[in-house]
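# can't give you the sequence, but here's the structure:
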Ligand code: PMP
């Protein structure tokens, strides 16, 4: 139960802190999941090779260039495990993961799990990944650089030309994870086929965000056959469940419905951005399904929203991230801010 708002109004809590889709699974995906429930006493495939083949076919690459795991998080773990082994074999004592912060909370945890040192540089003032700063922080101990585009929590994208120049310059002892968990929301197309020409790159994608299947835990990585063969050595048996395996081909087939949902989520994001801007709140232009309110003002707005039952993500002192929900979610955020600013 949320605390009452000014004027005695009280609303149920609203979850806008995990960048989830506001939509339930598409009807075709829900039907496939229903069909799978009676089979729950049976194991899934030992390794997700069928799913790998389906994703590869959808992307127009050979299956040898795809690895599948329990969410992009699971795939990132496999990449980091491989990167550690590669660095240790090359004589590095404590391999390091280098990225830009604030970022997805999973990365410092995964670094710890695999025994990597977590190193980070700041984002640009406009919330973008600062490629020069990142490049300048690479050392002989850097085993992997993680670069998110769109970036979580700001929604900024890395320009394709700049990214290709960065990747061409990265020394060969460094692997690069290009985390595209939110790529479907971006108007700036990512050139996957160009990206995976770089020998040290693994691109991460997921069914958790635009496809709205966060609970199923399925994501994938794409890279060169050589890198992916190594990463697949860290795929965990039975880690991708039956429900996820049943949903993937159906979700991939539902391109038109996905496009429609993405269009409406982008529209809602732009409406939320405009309304916040009209209220004088600073918002970073976002290419994802969330918006970022930077600085102390953003932190204060976030605290206000949490105080009235709207869960949003506080990113330290850097600001607050608000996931874009459906139309009623946006209306609630805006009405709550209007009411609280009136009663302040
Ligand atoms: N990468 C980024 C940048 C994310 O923000 C998230 C989830 N918030 C993930 C990866 C993890 O996604 P998944 O649910 O596929 O593990």
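Received the coordinates, thanks. Source: prediction; values computed, not measured. Residues are numbered from 1 along each chain as shown.
# alpha carbons only for contacts and neighbour counts from here, please
Noted.
# close to the ligand: what parts of the stretch 151-300 of the chain are there?
152, 179, 181, 206, 208, 214, 219 (Cα under 6 Å from any ligand atom).
# model confidence for the closest residue to the fourth one other than its chain neighbours, exactly?
What it means is residue 206. In space, and not counting its chain neighbours, residue 206 is closest to residue 219: 4.0 Å by Cα to Cα, 6 or more residues apart in numbering. Looking at residue 219, its pLDDT stands at 98.
# check contacts around residue 219.
68-75, 204-208 (Cα atoms under 8 Å, 6 or more residues apart in numbering).
# may I have the beta-bridge partners of it?
Applying DSSP bridges to residue 219 gives these bridge partners: residue 69, residue 206.
# show me what the helix-or-strand element of the chain with minimal mean pLDDT is packed up against.
Using mean pLDDT, DSSP states H and E, the weakest-scoring helix or strand in the chain turns out to be helix 327-343, at a mean of 85. The helices and strands touching helix 327-343, judged by 3 or more Cα pairs under 8 Å, 6 or more residues apart in numbering; DSSP states H and E, are helix 255-278, helix 295-307.
# now the most centrally placed residue in the chain: how far from residue 245?
Taking Cα atoms, centre = their mean, the centroid of the chain lies closest to residue 181, which sits 3.4 Å from it. Residue 181 is 19 Å from residue 245, where distance means Cα to Cα, to the nearest Å.
# in the chain, which spans are helices?
Taking DSSP state H to define them, one finds helices in the chain at 27-36, 49-59, 71-89, 106-114, 131-136, 160-169, 192-195, 225-232, 242-253, 255-278, 295-307, 327-343.
# any chance of CSV for these, columns mean neighbour count and distance to residue 122?
Formatted as CSV, those follow (neighbours: other Cα atoms under 10 Å; distance: least, Cα to Cα, whole Å):
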stretch, mean neighbour count, distance to residue 122
helix 27-36, 16, 40
helix 49-59, 18, 33
helix 71-89, 23, 21
helix 106-114, 16, 15
helix 131-136, 15, 8
helix 160-169, 14, 17
helix 192-195, 14, 24
helix 225-232, 19, 28
helix 242-253, 20, 36
helix 255-278, 17, 24
helix 295-307, 18, 14
helix 327-343, 16, 29
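# determine which of these approaches residue 144 most closely.
Closest to residue 144 of those is helix 71-89 (Cα to Cα; 6.6 Å).
# that closest one vs helix 225-232, what angle?
Counting by axes from the mean of the first three to the mean of the last three Cα atoms, to 10 degrees, helix 71-89 lies at 100 degrees to helix 225-232.
# sketch out the low-pLDDT regions of this structure for me.
Scanning the chain for pLDDT under 70 picks out the ranges 1-12, 342-344.
# got the domain ranges for it?
Per automatic domain parsing, the domain ranges recorded for the chain read 6-16+256-343, 27-253.
# quick one: the nearest residue to residue 80 once chain neighbours are set aside and residue 139, what's the gap?
Among residues not flanking residue 80 along the chain, residue 114 sits closest, at 6.9 Å (Cα to Cα, 6+ apart). Computed as Cα to Cα, the residue 114 to residue 139 distance reads 19 Å.
# and stretch 90-108, does that touch the ligand?
Yes - for stretch 90-108 and the ligand, the contact criterion (Cα under 6 Å from any ligand atom) is met by residue 104.
# ok, residues contacting that stretch?
Contacts for stretch 90-108 (Cα under 8 Å, 6+ apart): 73, 84, 87-88, 111, 115-123, 129-130, 134, 137-138, 140-147, 151-153, 315, 318.
# residue 14 is nearest to which of the helices and strands packed on helix 327-343?
Smallest distance to residue 14 across the helices and strands packed on helix 327-343 (Cα to Cα): 9.3 Å, for helix 295-307.
# okay, the angle between that closest one and helix 327-343?
Angle, helix 295-307 to helix 327-343, by the same axes, to 10 degrees: 110 degrees.
# how much space separates the nearest residue to residue 58 once chain neighbours are set aside from residue 308?
Excluding the flanking residues, the one nearest residue 58 by Cα to Cα, 6+ apart is residue 252, at 7.1 Å. Look at residue 252 and residue 308: by Cα to Cα, they are 38 Å apart.
# and what of residue 117?
38 Å.
# which one of those two has more residues nearby?
Set side by side, residue 117 and residue 308 show more neighbours around residue 308, with 23 against 17, by other Cα atoms under 10 Å.
# looks like residue 129 contacts residue 159 (just checking).
No - contact criterion Cα atoms under 8 Å: residue 129 and residue 159 do not qualify, at 9.9 Å.
# the more surrounded of those two?
residue 129 (26 against 14).
# so who does the residue nearest to that one when sequence neighbours are not counted touch?
Sequence neighbours aside, residue 123 is the residue nearest to residue 129 in space, at 5.0 Å (criterion: Cα to Cα, 6+ apart). Counting by Cα under 8 Å, 6+ apart, residue 123 makes contact with 100-102, 129-130.
# out of these, which are inside strands?
Among the contacts of residue 123, the members found in strands (DSSP state E) are 100-101.
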